[in-house]
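1. Fold the following, please.
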Amino acid sequence: MSIGQYAKRERTMITGDCRPSIPRFVKLRHDAGRGRWILLAPERVFNPDEIAVSVLQKCDGVRSVSDIAAILADDYQAPVDVILKDIIDMLQDLSDKGVLNAGEPTNS
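-> Below is the predicted model:
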């Protein structure tokens, strides 16, 4: 099989209705030695900032992206639509890299 024959993974679009979760093979851990959080994936390490960590900690497969945005908008006293756009952009990037499950949309 040549390289061109490998099937591409279909892109999953993150929306406000998705219920994202961190896959079992990816770990969000606090590195006490460095005093920061890291997202460990096979052969990759990500260094999320404080707000990204707050978002990732809420990606439990139960809460929707819109739910997470509402919580953070309240926590940071920021407009929910601005927070939602930023969260979707971040989660889409992680989903595209294969380190986040988009989750099934909620039945709203």
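2. For the longest helix seen in the chain, list every residue counted as buried.
-> Using DSSP state H, we find that the single longest helix of the chain is helix 80-96. Residues 83-84, 86-88, 90-92, 94-95 are the ones in helix 80-96 that count as buried (16 or more other CB atoms under 10 Å). Where you see a C-beta, it was placed from the backbone N, CA and C, and this is true even at glycine.
3. low-confidence ranges in the chain?
-> Along the chain, segments meeting pLDDT under 70 span 1-9, 106-108.
4. And the helices in it, which stretches?
-> Going by DSSP H, the chain shows helices at 50-57, 65-76, 80-96.
5. Give the burial count for residue 35, as a bare number.
-> 7 (other CB atoms under 10 Å).
6. Distance-wise, check it relative to residue 80.
-> 31 Å (CB to CB, to the nearest Å).
7. And residue 47, by the same measure?
-> Distance from residue 47 to residue 80, by CB to CB: 27 Å.
8. and what of residue 37?
-> According to CB to CB, residue 37 stands 24 Å off from residue 80.
9. Surely residue 91 and residue 100 touch.
-> Yes: using CB atoms under 8 Å, residue 91 is in contact with residue 100, at 6.0 Å.
10. list residues touching both of the two?
-> Counting by CB atoms under 8 Å, 6 or more residues apart in numbering, the residues touching both residue 91 and residue 100 are 20, 59.
11. Out of the helices of the chain, flag the one nearest residue 16.
-> Proximity to residue 16, assessed across the helices of the chain by CB to CB, is greatest for helix 65-76 (3.9 Å).
12. Extract the CA atoms of that closest one and return them as CSV.
-> Backbone C-alpha positions of helix 65-76 (Å, rounded to 0.1, in the frame of the first residue of the first chain) are rendered in CSV as follows:
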residue,chain,number,x,y,z
VAL,A,65,-19.3,23.3,24.4
SER,A,66,-22.1,25.8,25.0
ASP,A,67,-22.4,24.7,28.7
ILE,A,68,-18.6,25.1,29.1
ALA,A,69,-18.7,28.5,27.5
ALA,A,70,-21.5,29.6,29.9
ILE,A,71,-19.6,28.5,32.9
LEU,A,72,-16.4,30.3,31.8
ALA,A,73,-18.3,33.4,30.8
ASP,A,74,-19.6,33.5,34.4
ASP,A,75,-16.2,32.8,35.9
TYR,A,76,-14.4,35.4,33.8
